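Undergrad: Sharing a model prediction with you, sequence too.
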Amino acid sequence: MNIIETELEGVFEIKNKKFEDQRGVFIKTFHEGVFKEYGLEADFKESFFSISKKDVLRGMHFQMPPHDHEKLVYVTCGEILDVAVDIREDSLTYGQYFSTILSQENAKSLYIGKGYAHGFLTLSENATVVYLTSTVHSPENDTGIHWDSFGFDWHVKKPIVSERDASFQKISYAKIGS
Ligand SMILES: Cc1cn([C@H]2C[C@H](O)[C@@H](COP(=O)(O)OP(=O)(O)O[C@H]3O[C@@H](C)C(=O)[C@@H](O)[C@H]3O)O2)c(=O)[nH]c1=O
């Protein structure tokens, strides 16, 4: 796997190696030794996945400290526009975002450090998105900022959004210690 720094501290794009033969495809998405070599968190506590229809937008989510976590995100079916935005209070890049396409086809992952809110838009008919997180889900600390509050152009008119996601406040209300 090829781990590439982005302009945002703690956010890495990962190009996973894809093996293809007459049976299909094989992709490795996590290797403890390689993650440690690059200084990434390798002690993940939970894994889960979601399946979303086209134009579904989930986000922008994070957990409050001390329940905040590093997150590894990849797609096993379909294609998404994946976005992380810096909400670290003292960060020089506060409010800046990184976005990339993750798909089954491109076999990329996004590693998102603590202090970022994360979300995605489903571009394909369906998309299965897999996560590894370094802390377990803490419902009372699980929160978010509004997807349309930080200047990112999602290129979608009316995304399908949960009631909870629609109720989140603007980015300016969310600042967490870095
Ligand atoms: C995230 C999560 C949700 N749930 C429950 C709560 C709720 O009843 C149901 C669906 O939860 P949500 O609506 O929060 O699911 P979703 O909007 O898909 O949440 C995810 O969004 C993306 C953008 C992320 O970055 C993830 O970390 C996660 O927050 O699953 C868990 O039991 N454990 C979990 O770890």
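TA: Nice, thanks for sending it over. Only a predicted model underlies this, so the values are computations on that prediction, with no experimental measurement involved.

Undergrad: from here on, contacts and neighbour counts on C-alpha atoms
TA: OK.

Undergrad: Check what pLDDT the residue sitting furthest away from the middle of the chain gets.
TA: The outermost residue of the chain relative to its centre, with distances by Cα atoms, centre = their mean, is residue 22 at 31.6 Å. On pLDDT, residue 22 comes in at 98.

Undergrad: Can you pull the phi/psi pair for residue 36?
TA: phi -60, psi -40 (degrees, to the nearest 10).

Undergrad: what's the nearest residue to it once chain neighbours are set aside in contact with, if anything?
TA: In space, and not counting its chain neighbours, residue 36 is closest to residue 42: 6.3 Å by Cα to Cα, 6 or more residues apart in numbering. Contact analysis of residue 42 by Cα atoms under 8 Å, 6 or more residues apart in numbering lists 32, 35-36, 134.

Undergrad: Check the residues you listed against the ligand and report the nearest one.
TA: Lowest distance from the ligand to those (Cα to the nearest ligand atom) belongs to residue 134, with 10.7 Å.

Undergrad: close enough to count as contact, that closest one and residue 69?
TA: Yes: counting by Cα atoms under 8 Å, residue 134 touches residue 69, with 5.2 Å between them.

Undergrad: Sweet, I'm off.
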